[in-house]
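**Student:** everything below, folded, please.
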Amino acid sequence: MVGRGAGIAAVVCAVVAALGLAYANSPSSAAAACSATPVHWEWTKRTQGWAWIAAGPKASRLEGLLLSYHGYLADGRVNRSEGVVLRAGRAEKIAWYSKKWGGSWLTVSGRRLDGAGSFRQRFGWAIGAGWYPSGIHVPAAGCWELTLRTDGWKRRLVVNAVDPAPEGTCDATPVPGDGWLRINPARAGVSGGWPWRTADGRALLYAGGRSPDGTNAKVLWRGRPLGGTLVVAGSRLDGAATFRQEFKGAGGPPGYWPSTVIVPEPGCWLLTVRIVGQTGAAGIAVARVISP
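**Tutor:** The predicted model follows:
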């Protein structure tokens, strides 16, 4: 009986260890239950390609440019979440803006929604009316409500805070069995026909736009049939390289954009995909890029 008990214990320990290693690949139940404020990837003159969040009606809304986001988008808990995710215990750079807000100071109060905890920070006005640079420091992992106040104004946001992922993480976007990689968020309505997968079924690409058999790395994108140019912008998450490509619609039915995605070098890459002129048709995927 002792030997059998030891064997069961070993199996249990192995399962627990495996679950611990998979934390970045499967959102926790707590994360799934946290209705975090949606992240936007639409390009605007003010956001200039940065990920951003917003609260309140458009005329007086508060926008937050997620200036730290690129630094940890290789984490699957972030790149596969439609809501904003911050790293617990880090000062995340967020530039807040509203054309209606005023006051010399922005006060941020945090209240944990799934447990005990609170914090309070204060940031000064900068650059011009309505701009407040900040380093939001959420003290622990969990679901948090942030209340932001200036003179006469108040807005609330919800963020999901997670413990930072290990160095070298590259959780590429899963490619389902139907071969269509979905751009996150789902509301973007954009997907790409993706014939290459890693051993664990995630998005794979080949540097230089050529696959090992010498053919082009062709991706057929599809989205809402409203026309417009499709833009793919790439930035390396574990390096400094970037690229940008534009593709016109196919000559057949509208809503399809044939492409050859040419990534300049191997690495872990963020792909930001948007259809110019289509509000909301913008999102991201992460791909592992290797030499052909």
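**Student:** the domain parsing of the chain - what is it?
**Tutor:** 29-162, 180-290 (automatic domain parsing).
**Student:** among those, which is nearest residue 170?
**Tutor:** Nearest to residue 170 among the domains of the chain is domain 180-290 (3.7 Å), distances taken as CB to CB. (Each C-beta comes from the backbone N, C-alpha and C, glycine too.)
**Student:** so residue 220 is in which element?
**Tutor:** strand 218-222 (DSSP states H and E).
**Student:** can you tell me the strand partners of that strand and which way each runs?
**Tutor:** When pairing is defined by DSSP bridges, strand 218-222 lines up against strand 191-193 (antiparallel), strand 256-260 (antiparallel).
**Student:** give me the contact list for it.
**Tutor:** 180, 190-194, 230, 247, 255-261, 273 (CB atoms under 8 Å, 6 or more residues apart in numbering).
**Student:** pull out the buried members of those.
**Tutor:** The neighbour-count test (16 or more other CB atoms under 10 Å) applied to these identifies 190-194, 230, 247, 255-259, 261, 273 as buried.
**Student:** pull the most distant pair out of these.
**Tutor:** For the buried ones among the contacts of strand 218-222, the farthest-apart pair by CB to CB is 255 and 261; their separation is 18.6 Å.
**Student:** in this structure residue 231 contacts residue 257, no?
**Tutor:** No - between residue 231 and residue 257 there is no contact under CB atoms under 8 Å: 9.8 Å.
**Student:** just to revisit the earlier point, which among the contacts of strand 218-222 gets closest to residue 207?
**Tutor:** Nearest member of the contacts of strand 218-222 to residue 207, counting by CB to CB, is residue 261, at 10.6 Å.
**Student:** roughly how far apart are that closest one and residue 41?
**Tutor:** Residue 261 is 18 Å from residue 41, where distance means CB to CB, to the nearest Å.
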